[in-house]
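J.: Predicted structure and sequence below. I'll ask about it afterward.
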Amino acid sequence: MPTIYHSVEPEANRSEFEEYNSVDFVISTDRNILRNSIRIEGALRVNQTANTRAVFTDRIHLNKRVGIHNIIDSIETQIGGNIIENVNQDYGRFVHMVQSASKSRGDYYDSSEICELKAVSTDVAVAQCCGESDLGDAPAFVDMDFSFKPLIAINRADNNIPMARLGNEIRISMNLNRKDNVLCGAKQILGSNYKLSELRLTYMSVDPSPVPAVNMNSVVSIKQ
């Protein structure tokens, strides 16, 4: 049963995405999606103001427990045209709750957390927002790569997903968070912003085969 790796670009793709933008991905295949293999990947640039990249002394950072997940304000999943889950405006808070309840400080050294730009300390989170650099005397910084597994129903399943039974299509739509909800820090000002580039959705699939049942854990946002 060979495993195939897939990469999907957003509909209405662009070179950069920023706050308030909508991003739609469509997974279209007749193969079975390998359970919990859906990821969103790209590169992050954080600017202290306009197009001036943030530096360490600006102390701008992402929430160290939520990491790159916080770029999502809301996220919706449709299968066969039916909405199976809509985490509306509270996605980042949900991730923070899960992390607080299930992770200890030492867990943030794990590569599965680091690639999601979660951090063991605020200093590490600040360094991540400065970008990646070489080790030269005058380091050149580039946008920070990321890869995260969104905490959505189709990534919280107990079996592979048989696409042939679901119309061969899944649509994932997300709205990007406003920068004031994404960026923290002493010099996070009105002109501070973040940009996403090379945005894509990836997943793994296996040959079609019967799957008796798939249970998925979904989330419902409740306002009080």
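T.: Nice, thanks for sending it over.

J.: contacts, neighbours, all on C-alpha from now
T.: Noted.

J.: F94 belongs to a strand, doesn't it?
T.: No - according to DSSP: H, G, I helix; E, B strand; the rest coil, F94 belongs to no strand; its state is helix.

J.: Got the phi and psi for T3?
T.: Torsion angles at T3 (phi, psi; degrees, to the nearest 10) stand at phi -100, psi 130.

J.: Could you list the single helix or strand in the protein with the lowest mean pLDDT?
T.: One helix or strand of the chain scores below all others by mean pLDDT, DSSP states H and E: strand 132-133, with a mean of 86.

J.: Moving C-terminal from that one, which element do we reach first?
T.: With elements assigned by DSSP states H and E, the helix or strand that comes after strand 132-133 is strand 141-142.

J.: quick one on the thing from earlier: name the residues that touch the least confident helix or strand of the chain?
T.: P139, A140, F141, V142, D143, M144 (Cα atoms under 8 Å, 6 or more residues apart in numbering).

J.: can I assume the second one is in contact with D134?
T.: The one in question is A140. Yes - judged on Cα atoms under 8 Å, A140 makes contact with D134 at a distance of 6.2 Å.

J.: Run through the residues that contact S28.
T.: N168, E169, I170.

J.: Count the residues that sit near the last one.
T.: Residues lying near I170 (other Cα atoms under 10 Å) number 21.

J.: go on, the second one?
T.: Other residues near E169 number 17, with proximity taken as other Cα under 10 Å.

J.: ok, for it, nearest residue in space, not its chain neighbours?
T.: S28 (4.6 Å; Cα to Cα, 6 or more residues apart in numbering).

J.: what lines up beside the least confident helix or strand of the chain in the sheet?
T.: strand 141-142 (antiparallel) (DSSP bridges).

J.: Read off the pLDDT value for the residue nearest to E169.
T.: Note on S28: pLDDT of 95.

J.: For R31, give me its contacts.
T.: R31 neighbours (Cα under 8 Å, 6+ apart): P162, M163, A164, S205, V206, D207, P208.

J.: Tell me which of those fall in strands.
T.: In strands, judged by DSSP state E, the following of those are found: P162, S205, V206.

J.: which among those end up buried?
T.: By neighbour count, with 16 or more other Cα atoms under 10 Å, the ones in strands among the contacts of R31 hold P162, S205, V206 as buried.
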